[in-house]
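> Whatever this is, show me its structure:
(one chain, ligands or ions: 1)
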Amino acid sequence: MIHNEGKTADRLLSVESPISGEAQLHEHVMQNDMMKMQHVPSVEIPAGGEVTFAPMAYHVMLLNLKDRSLLSDGKRFPMTLHFEKSGDVTVEVAVQKQAPEDGQKHGHAQ
Ligand SMILES: [Cu+2]
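Reported below is the predicted structural model:
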């Protein structure tokens, strides 16, 4: 979950992690009665608002994984989020076999 406590909107422009060659911002959309995910160029975080990354919603897609052993239950890896105004924020992603009930930031592998 990304909170924006500022008075102006911010934008998540990109993400990266040392464990993958590429990390993309994705969203799920309904298209012809089918859920489909697509790459989004950025995610706007409204002033005083929040955006949830969760299964079937916005998520980070990790591509070209360098070390799959870090993607097992209980492991953690860093991820850096690049914001238009707030700059870089590095968070630690906890790998969980079961998706959490409430929306938590997570990555998934292809
Ligand atoms: Cu995806």
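
> contacts, neighbours, all on C-alpha from now
Noted.

> Pull out the buried residues from stretch 5-22.
Using 16 or more other C-alpha atoms under 10 Å as the test for burial, stretch 5-22 gives 10, 11, 12, 13, 14, 15, 16, 17, 19, 20.

> Any idea how far apart the tips of it sit?
Length of stretch 5-22, first residue to last, C-alpha to C-alpha, to the nearest Å: 29 Å.

> any idea of the mean pLDDT in that stretch?
Across stretch 5-22, pLDDT averages out at 96.

> Could you do stretch 71-87 as well?
For stretch 71-87, mean pLDDT rounds to 95.

> Show me what that stretch is in contact with.
Identification of contacts with stretch 71-87 by C-alpha atoms under 8 Å, 6 or more residues apart in numbering yields 10-19, 70, 88-97.

> Quick check: end-to-end length of it?
Stretch 71-87 has an end-to-end distance of 27 Å (C-alpha to C-alpha).

> Would you mark the buried spots in it?
For stretch 71-87, burial by neighbour count (16+ other C-alpha under 10 Å) applies to 71, 79, 80, 81, 82, 83.

> a markdown table please, covering those and showing distance to residue 51.
What follows is the buried residues of stretch 71-87, written out as a markdown table (distance: C-alpha to C-alpha, whole Å):
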| residue | distance to residue 51 |
| --- | --- |
| 71 | 24 |
| 79 | 17 |
| 80 | 16 |
| 81 | 13 |
| 82 | 15 |
| 83 | 13 |
